[in-house]
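*Asks:* coords below, sequence missing:
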RNA sequence: GGGGAAGUGGCGGAAUCGGUAGACGCAUCGGACUUAAAAUCCGAAGGGCUCUAAGCCCGUGGGGGUUCGACUCCCCCCUUCCCUACCA
């Protein structure tokens, strides 16, 4: 028998065994051997987007973490669902296909294959029988089916909206995919353009999406981000009559109590009434302004935000609470692009005394500023020349004078309601979800368009509406969807009348597939339903969801929305999809900066005498931490690490780097340390120069009382087991590995004393982290059954207490001595011991006080 | 501008409830083994001062405070990273 530690031999062998024995298969209700009494645990990774570049070492960070949890849960007796798949539809896949001139179906299949190979090589305990891609027709059939439910509920609707159009990508993008006027992917300039689109009424679920955040165990920061994204604000609609005009102007405000201070109004350049209300003499100026605003990208609109601009429309509104006989009741209406068409009503009442933006605008255009809220004592207000936007006491406001802001708000709303001039209203920052793309690589909508402009759903029985094969899938210059050119495919017959109808030619956005994949994993082969009620009932929701913070808002919000819709349809029994969420940290890498602050690629830098210098001219550079990127040439491929050291080393290193939740830099230099640890563990149990599978003294269990070194070892093991246990609470697996290393260090000094029981418990505790070596050692220890379902070892408190401990002796808070103290020593004895130990510091001094903390220290406070 | 997270040796990072700062590992330096090197094994090591022996001082971004005692709690400031960006 070869007794050297050879990961290249061990690892593929055990991976083969796991596959043959289907070691990680999760059993569903109805499967042979399913035990309804066994507790379930569902651990999910955010599935990857299979890009052409393959995995880099950052991807597996979270996967390894979730795998460790899965493996331990299995050892604790849970029926663990731990699946993996691919988020394969969407823009990036299509862009990649276009730049390479390959069909997206082909490039995606190839990328998926690379990802699968790499993931499999990492020894992750996925139930591979549940694997799928979102672009599989057998999957997207049900994505379409769920869309049909949304359609039936009236939650999907078509409307003409000004949408973000990206000229470069020839597509429409959602608000969330446009950052500062540029596409999130690729950074291309975008502009707004009206198009007929599918929208999903996520706003209808805003309150539930907000309220149910209370029920999930998620990082507070993610909850906050979601709350802010939904942006619920309570306020009121107020109707302002327009002077000499039939129509009125409605605004939304969160401060109805400041109504008496509204001295002008502003409408967005896109406001529907703008053209009508503009007077002849001002028409030209207004039209100019509107045109300018439409040409501005949002980038410019925000960048120039510091300087507000606007134009008078020539028209006046009437402040409904100001005496109509006074000139003050007539307030001018402006158009300005600091008011957004898409929020509230697209128009505001401007209260310059109590709103920073209005204040700025009023100062620039010399408009009236009328104070109606007195700031609380000590806070500066208008008299100090500052705009006070907080809450205070109403003044100069007739019927609400003297009321505190919250009461003033309520009373104003009551007044408005009585006079039919407005009412309380809640407004959200969240907009409905723009759900269609004029692209090829996505789920086609299961919708047919009749000649009369009406539309109907494709019957469920006819799903999936398969994506047609197309040679040329590039978007048309005019923005028409590629599918509209699939002339055979587009034509269909009306299921009711048999007339000719046209298929909808848009496709769903990339987010669609990831909205419910966690449900499909529960029952992935079902071809009668997206998942069976039994499977859903059993698996419930995801117990632990691990992924990056970049999905804190969109993916998680969209998935929660769909989940709630399915809940309303009676298809799922839980209100929330993900019980606990954990964000793994970003994996960074070292890079270098020269004195001018330019980043220098790693391969142009070398180390000389402890400093880093540029290879070509020897100038000193500074080491910094940056994201892994092609340009910095600091990307590390897991394949290389695995080839050199094996998967177990890779897994141990990734977890040993630091807490899973924190971002930390990869350093190839450190990897051999993890390899050495595994080599040492191996040698602890296997004699590399011998031929026995295991060190002979470990072959049989020895009975008897532990004493001497054996007892020391037992204590060390229990300490380690406890620390490993604790590491699962906070995902600080680095401390678990440190604990294993400490045990290994102690045990290596007295190898012959290690008992079989200790070896077994240690190997089991190590199994989730380094499963291959653990499995090999377990089998060498003579176990025919794999370690995958071996019992998880728990520590015994009895071995954590020692007879004696080291008592710290301080004088005036400074460490001066240490002394051995018996466990049960009382305060008097401890003080006495300490006094003896610190004698030389105490001689001739008067002790003012002695602080005795049993189990810890004694601190002598000397008199002055 | 707003919000959040974080600053500990040369590097990654430890440190339950406020109680021995620097666990564990990397790199480094000695020593052993070797013809030599690698690997391996043993050992040293926060910084400074110093009579080189026991010891002293300083040290968790900076400055204050609370406490017998602060990486940990409170106040102010600085830096870095992430998110967000006129939401009325």
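*Replies:* Yes, it's here. Predicted, not measured: the structure shown is a model, and the values here were computed from it.
*Asks:* alpha carbons only for contacts and neighbour counts from here, please
*Replies:* Will do.
*Asks:* Quick one: residues contacting residue A:796.
*Replies:* The contact partners of residue A:796, by C-alpha atoms under 8 Å, 6 or more residues apart in numbering, come to residue A:718.
*Asks:* Against RNA strand B, how distant is it?
*Replies:* Using C-alpha to the nearest atom of the strand, to the nearest Å, we find residue A:796 at a distance of 14 Å from RNA strand B.
*Asks:* which SS state does residue A:163 fall under?
*Replies:* Classification of residue A:163 by DSSP: H, G, I helix; E, B strand; the rest coil places it in strand.
*Asks:* any weak-confidence spans in the stretch 351-500 of chain A?
*Replies:* The stretch 351-500 of chain A contains no residues with pLDDT under 70.
*Asks:* ok, how many other residues are close to the residue of it found nearest RNA strand B?
*Replies:* Here the stretch 351-500 of chain A gets closest to RNA strand B at one residue, residue A:429, 3.9 Å apart by C-alpha to the nearest atom of the strand. By other C-alpha atoms under 10 Å, 17 other residues sit near residue A:429.
*Asks:* Would you check how far apart it and residue A:374 are?
*Replies:* 29 Å (C-alpha to C-alpha, to the nearest Å).
*Asks:* Likewise for residue A:507?
*Replies:* Per C-alpha to C-alpha, residue A:507 is found 55 Å from residue A:374.
*Asks:* Repeat that for residue A:412.
*Replies:* Taking C-alpha to C-alpha, one finds residue A:412 at 17 Å from residue A:374.
*Asks:* now residue A:437
*Replies:* For residue A:437, the distance to residue A:374 - C-alpha to C-alpha - is 51 Å.
*Asks:* who has more neighbours, the two?
*Replies:* The residue with more neighbours, out of residue A:437 and residue A:374, is residue A:437; 27 against 22, by other C-alpha under 10 Å.
*Asks:* For the more buried one, which residues are in contact?
*Replies:* A:171-173, A:481, A:506-509.
*Asks:* Now do the buried residues in the one helix or strand residue A:192 maps to.
*Replies:* Applying DSSP states H and E as the criterion places residue A:192 in strand A:190-200. For strand A:190-200, the neighbour count (16 or more other C-alpha atoms under 10 Å) marks A:190-192, A:195, A:197-200 as buried.
*Asks:* What's the first helix or strand after that strand?
*Replies:* Using DSSP H and E, the first helix or strand after strand A:190-200 is helix A:206-211.
*Asks:* Name the residues linked to the residue in chain A that RNA strand B sits nearest to by a beta bridge.
*Replies:* Closest contact between chain A and RNA strand B, by C-alpha to the nearest atom of the strand, is at residue A:253 (2.7 Å). Counting by DSSP bridges, residue A:253 forms beta bridges with residue A:236.
*Asks:* picking that back up, by contact count, what packs against the strand holding residue A:192?
*Replies:* Judged by 3 or more C-alpha pairs under 8 Å, 6 or more residues apart in numbering; DSSP states H and E, strand A:190-200 is in contact with strand A:156-166, strand A:433-434.
*Asks:* neighbouring strands for the first one, and are they parallel or not?
*Replies:* So that's strand A:156-166. Here strand A:156-166 has these sheet partners by DSSP bridges: strand A:171-173 (antiparallel), strand A:190-200 (antiparallel).
*Asks:* closest to residue A:569 out of those strands?
*Replies:* Taking C-alpha to C-alpha, strand A:190-200 is the member of these nearest to residue A:569, at 16.1 Å.
*Asks:* need the next SSE after the strand or helix carrying residue A:65, C-terminal direction.
*Replies:* Using DSSP H and E, residue A:65 falls within helix A:60-75. Sequence-wise, the next helix or strand downstream of helix A:60-75 (DSSP H and E) is strand A:79-81.
*Asks:* Give me the neighbour count for the residue of chain A closest to RNA strand B.
*Replies:* If you count neighbours by other C-alpha under 10 Å, residue A:253 ends up with 25.
*Asks:* give the contact list for it.
*Replies:* Counting by C-alpha under 8 Å, 6+ apart, residue A:253 touches A:235-238, A:348-349.
*Asks:* now the helices and strands packed on strand A:190-200 as JSON lines including mean neighbour count?
*Replies:* Shown next, in JSON lines, are the helices and strands packed on strand A:190-200 (neighbours: other C-alpha atoms under 10 Å):
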{"stretch": "strand A:156-166", "mean neighbour count": "18"}
{"stretch": "strand A:433-434", "mean neighbour count": "22"}
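*Asks:* Just send the ones you listed back as CSV, with distance to RNA strand B too.
*Replies:* Formatted as CSV, the helices and strands packed on strand A:190-200 follow (distance: least, C-alpha to the nearest atom of the strand, whole Å):
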stretch, distance to RNA strand B
strand A:156-166, 14
strand A:433-434, 14
